[in-house]
Every structure is written in structure tokens, then in C-alpha cells.
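[1] The sequence and its predicted three-dimensional model are supplied below.
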Amino acid sequence: MSRIAAGEREALRQLYDATSAKLFGVCLRILSDREESEDVLQDVYVTIWRRADRFDGARASVMTWVSTIARNRAIDRLRARGPMAYAEQVDDLEIADGSVGAEALLEAADDSNRLQGCLSELDDRTEKVIRTAFFEGVTYEALARRMDAPLGTVKSWIRRGLAKLKGCLES
Amino acid sequence: MSEAPDLSEAEALAAEHALGVLNARERAAAETRMATDPAFAADVEAWRNRLAPMLDSVASAPPSPELWRRIERLLPANDNGALMNRLKFWRNSAMGGFALAAASLAAVVVQVNQPPVTIEKQVPVSPQGQLLSASVVSQDSRVQPLFVAAYDPDRKSLIVTSLLPEGSERDKVHELWLIAGQDKPKSLGLVESGKAKVIALPTELLAKMADGAALAVSLEPPGGSKSPDGPSGPVIGVGKLSKL
């Protein structure tokens, strides 16, 4: 990452080779559109190029850092589609791949297992809204509309869920 | 699962921002706060790291083979190292003082263990426009920024916070510079140590506040740079503006 910060294109190329399939998967998962996902991915690597000097290996792994940039950029693009993107009915709140297959779980890293474990300890509804918010960047207002629940209630579900999640991850 | 203690209001907001449930206005306010409140920024980052493993379960998919060439064409040629060289080129005074000044500043920065400034009033920000931020870091010690800045396009202003201890330099002032494209550095005025400042930007500079432009801070005699073309004293740090 320090070589990328110093302006070495070859270093960015190596990072691209190692991570682009993963990051493209993240963009596709969020956007469900190849063309848009490629536009976003392009933006992601230009962002990594510009911001590599801010990467701090003591705080996050390279994979976590670049995946978070990809997820945030894809969510930005999703939001730019406008309010229609959030107009789905309550039924659509189901997340197709919300629960992870046994095989994927075995392959996942320790912290991934821990997070999945802690998420599954939340009640189903809270787990589902947290996953939906994470993969779709859905605002409190939109979640409340979708679930036909008061804004304050949705907010307290999520806040309590996040506090429990932190407690579980740190235990 | 046993009941977990509630998150503090600031941490709950940081977690909500990392999760993505805030609306456009709240998001912009959170991003502005990240640029001026290092503890809050660290909370957001910690939450991003906590949630990121959810992405591990997503299946990989190779993008089309031409994508790398598209990316390569878009890479800006400049980087922080090149920026530093350009600033040195513009600097009129002898170069000898730079390393020394940067080293002593790095030492001063290590002693800063609290964010010195919190902006009490939340700055309302419209969801439109491009919010940018920059961390001005010394090239010797990249760990902790010397200054942080956030650009709010709707208010046409830049909020700059000095993270240096108040009164940390005697007989010298810190001058902030905008470096955009191939233009000469433009002075954005002086920033007092340990203080935050809202700088209203003149119209001709607004177009230059773009992703990839950079901010730099130089150490100058009272009143600012003696040179009309850029810093006259040592440059203590640079940072690129980027989308939050």
C-alpha cells in the first residue's frame, strides 16, 4: 500500500489482480448490474490510488479497507438512482443470500465467522434490518416505510442491535 | 445474548453512519464531523471494520478484462511525493530548514493526545454537492494529521482545524495553501494552532476545490509568506482533497 501511495502503478496493478474479483462481487451484490458495477469498480481503484496514503495497517487489513471503499461507493451509486430504488414493498426485505452457506462459513476468516455468529445471535428481525441496511444503504426513513413501523422504533431496534453486536464481538 | 450497554450518542451515530442508515443531510453532517473530530472519525472507522466482514460472504466475480486499461487511463500522474517536490520548487528560502522543522513538529504532534477543538454548532449541509476532506500530514510522520479540513460546497467554505497544541510555535504562523492543477499555490490564509476556522472561499477558487487538489501548510513569519508566488517558509505537511 505504501508503494501505491508513492505513485507506483505496478503496485496498484498487483492489488487489482489480487482483489478485483472480490470487489466486483461486492459491487454486483449491491447493484445487481454489471455495467454500473464496472463503473463503480473503476472509481474504487482510482480512489485507492489517491487515498493509499491514508491506509493504516494497524487499524484494518488491506482487504477490509478496500472492500469498505467498494461497498461505500456502490451504495453511493445505488442512492444516486433516486428514491425509486427504495420503493420496494415489505416482502422484498428478504435477503436472498442473507444466511451464509456452510461451505462459505468454513472458508471465511475468523473475524467473519465471529461477525456472522454475533449477527445470528440477534433476533431475526434485527439481523435482517442490519443486513439490509448494510447491503443497500437504506435509510431509517425508508426502512420504517418498508416495514410499516414508526421511525423511532426502527431506530431503537438498530441501535440496540448494534450495541449487542459490539458486546458480542468484544466478548 | 445478554443485554449490552447502550452505545454513547456519538458512537451510535458513528455506527449508524458506518452502517448506512442516515439520510443525506445527516450523512453530510457526519462526514463534516469526521473531518473535524478525530475521535468520531476513529469510531466510524472502527465500525466500518466491525461490519466489513459481512462482505466476506459475497461471491467473487471477475470484471471484464478491459477494465484495468480503463482504470489505468484515469490514474492521475501526481502523488504526494510529486506535490512535495513542486512545493519545494516554489519555495524561495533555503531548503535546509525543512527536515528539521518537520522533525520537530512531528515531536510536538506526538504529544497531542486529545482533539483540541470541537465545533459546537452542527453545520447544516445540504445533500447536494461534493463534500471533500483532507488530512494534512507531515511527510516524516504520517501517523497523525497536523491539520484536518472539510470543504462544504454549499456554504462555499472550508473548515480547517489545527491539531497542533495551542501556542506551539512562537514568532511563526501557519499558512494554508491550495494546490490545484499546475497553478501556483494559492494562499487560503493563516490558521492558528489548536483552533478551527471557517474560510469563505472566493468564487474563482470554488472550481478548483476538486477531488485530487491538495492543501499544504507552511511555517511563515508573522503576517504570512513573503513571496507572492507561494510559501516562503518550510512546508510542514500536505494532504490531498478527496471525497469522503
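    Looks like it came in fine. No experiment lies behind these values; they were computed from the predicted model shown.
[2] Stretch B:212-225 and chain A, are they touching?
    Yes. With CB under 8 Å from any CB of the partner chain as the measure, stretch B:212-225 is seen reaching chain A through B:G212. Using the backbone N, CA and C atoms, a C-beta is placed for each residue, glycine as well.
[3] Could you list the low-pLDDT ranges of chain A?
    By pLDDT under 70, the low-scoring segments of chain A are A:82-109.
[4] and the most centrally placed residue in it, how far is that from A:R131?
    Nearest to the geometric centre of chain A sits A:R71, at 4.6 Å (CA atoms, centre = their mean). According to CB to CB, to the nearest Å, A:R71 and A:R131 sit 13 Å apart.
[5] Provide a list of residues in contact with B:A61.
    Residues near B:A61 by CB atoms under 8 Å, 6 or more residues apart in numbering or on different chains: A:21, A:24-25, A:28.
[6] near chain B, from those residues?
    Among the contacts of B:A61, the ones lying near chain B by CB under 8 Å from any CB are A:21, A:24-25, A:28.
[7] Which one (most neighbours) among those residues?
    A:F24 (24 neighbours; other CB atoms under 10 Å in any protein chain shown).
[8] my guess is that residue meets B:A59, correct?
    No. A:F24 lies out of contact with B:A59 (CB atoms under 8 Å); the separation is 10.2 Å.
[9] quick one: A:S67 and B:P53 touch, right?
    No. In this structure, A:S67 is not within contact of B:P53 by CB under 8 Å, at 9.0 Å.
[10] what's the burial count for the residue nearest to A:T139 when sequence neighbours are not counted?
    Spatially, and ignoring its direct neighbours in sequence, A:T139 is nearest to B:N23 (4.6 Å; CB to CB, 6 or more residues apart in numbering or on different chains). The local packing of B:N23 (other CB under 10 Å) involves 13 other residues.
[11] does B:N23 really touch A:L143, like I thought?
    No. Applying CB under 8 Å, one finds B:N23 not in contact with A:L143, separated by 11.0 Å.
[12] Okay, and the residue in chain A that chain B sits nearest to sits in which element?
    Using CB to the nearest CB, A:G167 is the residue of chain A that sits closest to chain B, at 3.1 Å. Taking DSSP states H and E as the definition, A:G167 sits inside helix A:151-170.
[13] Backbone torsions only: list them for the residue nearest to A:T139.
    Per-residue torsions, B:N23: phi -80, psi 180 (degrees, to the nearest 10).
[14] re earlier: how about the contacts made by the residue nearest to the centre of chain A?
    A:R71 neighbours (CB under 8 Å, 6+ apart): A:26, A:30, A:134, B:52, B:55.
[15] how about 10 Å then?
    By CB atoms under 10 Å, 6 or more residues apart in numbering or on different chains, the residues touching A:R71 are A:23, A:26-27, A:29-30, A:44, A:134-135, A:137, B:20, B:48, B:51-52, B:54-55, B:58.
[16] how close does it sit to B:A207?
    30 Å.
[17] Count the neighbours of A:E141 for me.
    A:E141 has 14 neighbours, counted by other CB under 10 Å.
[18] Please name the nearest non-neighbouring residue to it.
    Take A:E141 and drop its neighbours on the chain: the residue closest to it by CB to CB, 6+ apart is B:N23, 6.0 Å away.
[19] so what's the residue nearest to the spatial centre of chain B closest to, chain neighbours aside?
    What sits nearest the mean C-alpha location of chain B, by CA atoms, centre = their mean, is B:A134, with 1.9 Å. Take B:A134 and drop its neighbours on the chain: the residue closest to it by CB to CB, 6+ apart is B:G239, 4.1 Å away.
[20] What residues does that neighbour make contact with?
    Each residue near B:G239 by CB under 10 Å, 6+ apart is listed here: A:53-54, B:80, B:83, B:133-137, B:145-149, B:214-217.
[21] Over to B:E204?
    Contact analysis of B:E204 by CB under 10 Å, 6+ apart lists B:K186.
[22] my guess is the residue of chain A closest to chain B contacts B:P5, does it?
    Yes. A:G167 is in contact with B:P5 according to CB atoms under 10 Å; the separation is 7.3 Å.
[23] Could I get the full set of helices for the chain?
    Because you didn't say which chain, this covers chain A. Secondary structure of chain A (DSSP state H): helices at A:2-5, A:9-31, A:34-51, A:62-80, A:102-107, A:110-121, A:124-136, A:140-147, A:151-170.
[24] Correction: the question concerned chain B.
    Going by DSSP H, chain B shows helices at B:9-19, B:24-36, B:38-51, B:67-74, B:80-90, B:97-110, B:203-206.
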